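**Q** coordinates only, sequence not included:
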């Protein structure tokens, strides 16, 4: 029963979020100095007047904004997300194609920052006050306040320009045919952007884990574990990880929004053809259909992350699990 | 700290040791524990929570330490086990079964020969099943099942989480954890608050059984009635020190047999003895007077009370008071 109600509430929240995001995005586009017709066909279009009429008809371009939004929403629901003027292809195709690149990039960065951040956080807490702890803490604060594009530029100039260990950009070697590109090529090109993107999330998860672990170490049950003769290693393995891993994973899932935002910057720096650089390009070219499409898509993505965090808690935390099972 | 000779001012041998032929398990001599605290910003001061405390626990007895709540009795328990926080400074000497008992021995013996029975389930890891916690890092499944059976805990308790235990079950689980080891010294820190009369009795019965097997039981409590009913000897705790160590009979016989003015005042202040409180309050740990800690409230004080006062043996008990007529 609890699950059914939870599911119902979740679907409702999801729908209201999507409506809010699309309305807000639409209003923002509307306020921007973009001619809606130009937005749909581009400035250098050679379309005939009739074709323009047809487009205006399809998207209700001559109607007031509310009607126009309704027309967009209707088409959107029917699967017609419009055409991107930047890429001269349907928005849906662009998003899916670009996301295929981004998803691996984000997954790599997300996993890397999660694992590294968690381990660093634990280590810092266990050796509280030591030199290592202070270095980790300072580094995290610096990384957290440093802008992603700046980090990206530093990494780019060090590893790609100066040391020449990695390529300067793109997702595959230039000049290679699509079917000649190997998996190794793709991974090789992904390393620097993934590193940049993971730097964005690592500070937060490290500091959070450190704080959580310190709280746990102060608790009565750790005192009792010590009284029972458990060593520091046993305490960390038996109680520390048990009590900090779940909140850390939850936080990591809840950070999908920063991941998406960071991807926009990291991908731009490395000219990585993912959804983030598509978003930047769409913004610069006043590509309204693509912007709206990505806005809705990212909302779903972030929502899915938060939902996963909540569901994980329900499944993994015995206090919630066994209370709702009754 | 120089080793203090055991002196016998009155020439009477320690009654308990003599009559029952019991050997001391734990001897605490002039134990002082202070915490480095920061106050008013960055000024550091030492907060002396235990002040030259002396106490002996014999094999086969229940020794109750009674004193007001929040007066630092738990610090005594933690000091005995060696699990004080890092900002604590410890002075004085402890002996275990006649031998040295320092940091090294504490580390080796705690959880094995010296066990702690904590106050409540807050001292159990909320995310670990009870059975696994009772087994600890050394116990086997078989041992745990035996102990559970002995304490009337059904098999399924093994699979429960701490918050799923009822008050009585929790108490028995915490004692079971202590029973997993071949303990020589049991330190029980306020084991009965929140329990009804019947459960408190049951708890004390298990302590009695442990004592009968040869354990020394150090029972730290603010429940005076409980101590009167179940302990063999009682130590009166005041302002971080033990002012008197006496047989329980001395308390039950109305107070004339007691040696320290505070013990008598303490007894008079009990509801069943007319509820006559003495004026004043216990001195604050950060501002202890020189000499006798009770002097400013004592009706029998003299000039000499301002000097350092040693623990001495009087009529088979021990007292920290300099008066001739005790």
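**A** Great, that's in hand. Remember, it's a predicted structure, so these values are computed and weren't measured experimentally. Numbers count the residues shown, from 1 in each chain, chains lettered A, B, ... in the order given.

**Q** what is the neighbour count of the closest residue to chain A within chain B?
**A** Distance from chain A to each residue of chain B (Cβ to the nearest Cβ) is smallest for residue B:111, at 2.5 Å. In short, each C-beta sits where N, CA and C put it, glycine included. By the criterion of other Cβ atoms under 10 Å in any protein chain shown, residue B:111 has 25 neighbours.

**Q** so residue A:232 makes contact with residue A:127?
**A** No - when contacts are counted by Cβ atoms under 8 Å, residue A:232 is not listed as touching residue A:127 (9.8 Å).

**Q** mind showing which ranges of the chain have poor pLDDT?
**A** As the question left the chain open, I've gone with chain A. Applying pLDDT under 70 to chain A flags residues A:1-2, A:36, A:39-40, A:42-45, A:177, A:322-326.

**Q** nope, chain B please
**A** Low-confidence segments of chain B (pLDDT under 70): B:1-21, B:40-41, B:326.

**Q** again, 80 this time
**A** Using pLDDT under 80 as the threshold, the predicted model of chain B has low-confidence ranges B:1-22, B:37-45, B:69-71, B:193-196, B:254-256, B:271-280, B:284-287, B:324-326.

**Q** and it, which residues reach chain A?
**A** Proximity of chain B to chain A (Cβ under 8 Å from any Cβ of the partner chain) is limited to residues B:78, B:81, B:83, B:107, B:110-112, B:115-116, B:118, B:122-128, B:136-138, B:161, B:163-164, B:177.

**Q** mind checking which helix or strand residue B:30 is in?
**A** Under DSSP states H and E, the secondary-structure element containing residue B:30 is strand B:24-39.

**Q** and that strand, how far out from the chain's middle?
**A** Remark: strand B:24-39 is offset 13 Å from the chain centroid, using Cα atoms, centre = their mean, to the nearest Å.

**Q** what lines up beside that strand in the sheet?
**A** Take DSSP bridges as the rule and strand B:24-39 pairs in its sheet with strand B:43-58 (antiparallel), strand B:88-96 (antiparallel).

**Q** could I get the full set of strands for the stretch 51-200 of chain A?
**A** Secondary structure of the stretch 51-200 of chain A (DSSP state E, counting those that start in this stretch): strands at A:83-84, A:89-90.

**Q** mind putting the ones you listed in a markdown table, distance to residue A:18 and mean neighbour count included?
**A** Conversion of these to a markdown table gives the following (distance: least, Cβ to Cβ, whole Å; neighbours: other Cβ atoms under 10 Å in any protein chain shown):
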| stretch | distance to residue A:18 | mean neighbour count |
| --- | --- | --- |
| strand A:83-84 | 20 | 24 |
| strand A:89-90 | 20 | 16 |
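
**Q** circling back to that earlier point, and among the strands paired with strand B:24-39, the most buried is which?
**A** strand B:43-58 (a mean of 20; mean count of other Cβ atoms under 10 Å in any protein chain shown).

**Q** return the set of buried residues in the following helix or strand past it.
**A** For strand B:43-58, the succeeding helix or strand toward the C-terminus, using DSSP H and E, is strand B:62-66. Buried positions in strand B:62-66, judged by neighbour count with 16 or more other Cβ atoms under 10 Å in any protein chain shown: B:62, B:63, B:64, B:65, B:66.

**Q** residue contacts, the fourth one?
**A** Okay, so that is residue B:65. For residue B:65, the set of contacting residues under the criterion of Cβ atoms under 8 Å, 6 or more residues apart in numbering or on different chains consists of B:55, B:73, B:76, B:218, B:219, B:220, B:221, B:234, B:235, B:237, B:242.

**Q** swap the cut-off to 7 Å and go again
**A** If a contact means Cβ atoms under 7 Å, 6 or more residues apart in numbering or on different chains, then residue B:65 has B:73, B:76, B:218, B:220, B:235, B:237 as its contacts.

**Q** okay, now the sheet partners of the helix or strand harbouring the third one, with direction.
**A** Taking DSSP H and E as the definition, residue B:218 sits inside strand B:216-221. Sheet pairing for strand B:216-221, assigned by DSSP bridges, gives strand B:62-66 (parallel), strand B:185-189 (parallel).

**Q** after that strand, next one along is what?
**A** Counting by DSSP H and E, what follows strand B:216-221 is helix B:224-230.

**Q** so in chain B, which helix runs the longest?
**A** The residue-count maximum for a helix in chain B (DSSP state H) belongs to helix B:197-212.

**Q** which other helices and strands does that helix contact?
**A** Helix B:197-212 sits against strand B:62-66, helix B:167-179, strand B:216-221, helix B:224-230, with contacts defined as 3 or more Cβ pairs under 7 Å, 6 or more residues apart in numbering or on different chains; DSSP states H and E.

**Q** need the winner for burial among those.
**A** Between the helices and strands packed on helix B:197-212, the one whose residues have the most neighbours on average, counting mean count of other Cβ under 10 Å, is strand B:216-221 (a mean of 27).

**Q** nearest to residue A:266, of the buried residues of strand B:62-66?
**A** Comparing the buried residues of strand B:62-66 against residue A:266 with Cβ to Cβ places residue B:65 closest, at 62.2 Å.

**Q** and the closest one, how far is that from residue B:177?
**A** Going from residue B:65 to residue B:177 by Cβ to Cβ, to the nearest Å gives 21 Å.

**Q** try residue A:20
**A** Taking Cβ to Cβ as the measure, residue A:20 and residue B:177 are separated by 53 Å.

**Q** show me what contacts the residue in the stretch 201-326 of chain A positioned nearest to chain B?
**A** When Cβ to the nearest Cβ is the measure, the stretch 201-326 of chain A has its nearest residue to chain B at residue A:229, with 2.5 Å between them. The neighbours of residue A:229, taking Cβ under 7 Å, 6+ apart as the test, are B:110, B:111, B:112.

**Q** what does residue B:173 give?
**A** Contacts for residue B:173 (Cβ under 7 Å, 6+ apart) come out as B:130, B:134, B:153, B:165.

**Q** now, of those, which are buried?
**A** Among the contacts of residue B:173, those scoring as buried are B:130, B:134, B:153, B:165 (criterion: 16+ other Cβ under 10 Å).

**Q** and the two most separated of the residues you listed?
**A** Farthest pair in those (Cβ to Cβ) is B:134 and B:165. Separation: 11.4 Å.

**Q** picking up where we left off before, nearest to residue A:157, of the strands paired with strand B:24-39?
**A** Checking the strands paired with strand B:24-39 against residue A:157 by Cβ to Cβ gives strand B:43-58 as the closest, at 47.0 Å.

**Q** contacts for that closest one next, please.
**A** For strand B:43-58, contacts defined as Cβ under 7 Å, 6+ apart pick out B:16-17, B:22-39, B:63, B:72, B:75-76, B:79, B:185, B:216, B:218, B:235, B:239-242, B:245, B:285-286, B:288, B:293, B:311.

**Q** same thing with stretch A:234-242?
**A** A:122, A:126, A:213, A:216, A:221-222, A:225-226, A:230, B:125, B:127-128, B:137.
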